[in-house]
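Colleague: Curious how this folds, go ahead:
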Amino acid sequence: MSERRPKAVIFDMGNVLIGWDARARYRAHFENEAALDAFFRTLFREIYDAVHDDEREMGACLAPLKEKHPHARHLIEIYEKDWGSFLTGLIEESVGLVHALHGAGIKLYGLTNWPHQVWPPHRAVPDTRDHYAFLDLFEDVLVSGQERLRKPDPEIYRLALSRFQLSPGEALFVDDLAENIAAAKALGMHGHVFETPAGLHAALCAHGLLPDKGRAG
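Modeller: Sure thing, here's the model as predicted:
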């Protein structure tokens, strides 16, 4: 990791700031957790890949999969027509830290693996634009589905740093997946594996981005 103090924070979105749980939505369609696990290892990955790497809307992206897996059409259509049900609400204490960082003059950016068809989140859930107003505090958000790149591919981090005009050592990257943080650190970025808002607050204080005066937000 670079010794330079970070001057900006790059946030992942899902399960750092915005709750996301596809498993909960699908669980009622499977007899047990083992069957659910198998679905997420196989067909769900096909669904995700088909949508993520295609510029068209979800229906067109997923039509070939419905033909390939007619028995699973109802499962595919959950992703296509009810993606918004995967969203479980804001992680309010994390969003509070975003507000605190903004108030402290820290630049905020986003780097998220998210389908372009449902970004920003209110596209998937009508009438929730105000719910995601905190996104207006971000200078920019790089969305994997728009770029056809995904974390932890090093190229998406390089693209983000270039677009945000940051050197690696100037950026603290926050993500809930350890492999994504490892990829960022390999390029010289600071990184924090998100587990709880309290842990994130401690990391932000340790990097000198927030005063250590108890939890912000």
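
Colleague: Can you show me the strands along the protein?
Modeller: 8-11, 18-20, 87-90, 107-112, 140-143, 171-175, 190-193 (DSSP state E).

Colleague: Centre of the chain to the last one, how far?
Modeller: If I follow you right, that is strand 190-193. 14 Å (CA atoms, centre = their mean, to the nearest Å).

Colleague: May I have the strands that pair with it, each with its orientation?
Modeller: Strands that pair with strand 190-193, judged by DSSP bridges, come out as strand 171-175 (parallel).

Colleague: could you check the angle strand 107-112 makes with the strand it pairs with?
Modeller: 40 degrees (axes from the mean of the first three to the mean of the last three CA atoms, to 10 degrees).

Colleague: neighbouring contacts of strand 171-175?
Modeller: Residues from elsewhere that reach strand 171-175 (CB atoms under 8 Å, 6 or more residues apart in numbering): 6, 8-12, 16, 109, 111, 151, 157, 161, 164, 180-181, 184, 189-194, 200, 203-204, 207, 209. No exception for glycine: its C-beta is placed from N, CA and C like everyone else's.

Colleague: Over to stretch 73-85?
Modeller: 22, 25-26, 29, 39, 43-44, 47-48, 51, 58-59, 62, 65-66, 69, 115, 117-118, 121, 124-125.

Colleague: out of those, which are buried?
Modeller: Taking 16 or more other CB atoms under 10 Å as the criterion, what is buried in the contacts of stretch 73-85 is 22, 25-26, 39, 43-44, 47-48, 51, 58, 62, 65-66, 115, 117-118, 121, 124-125.
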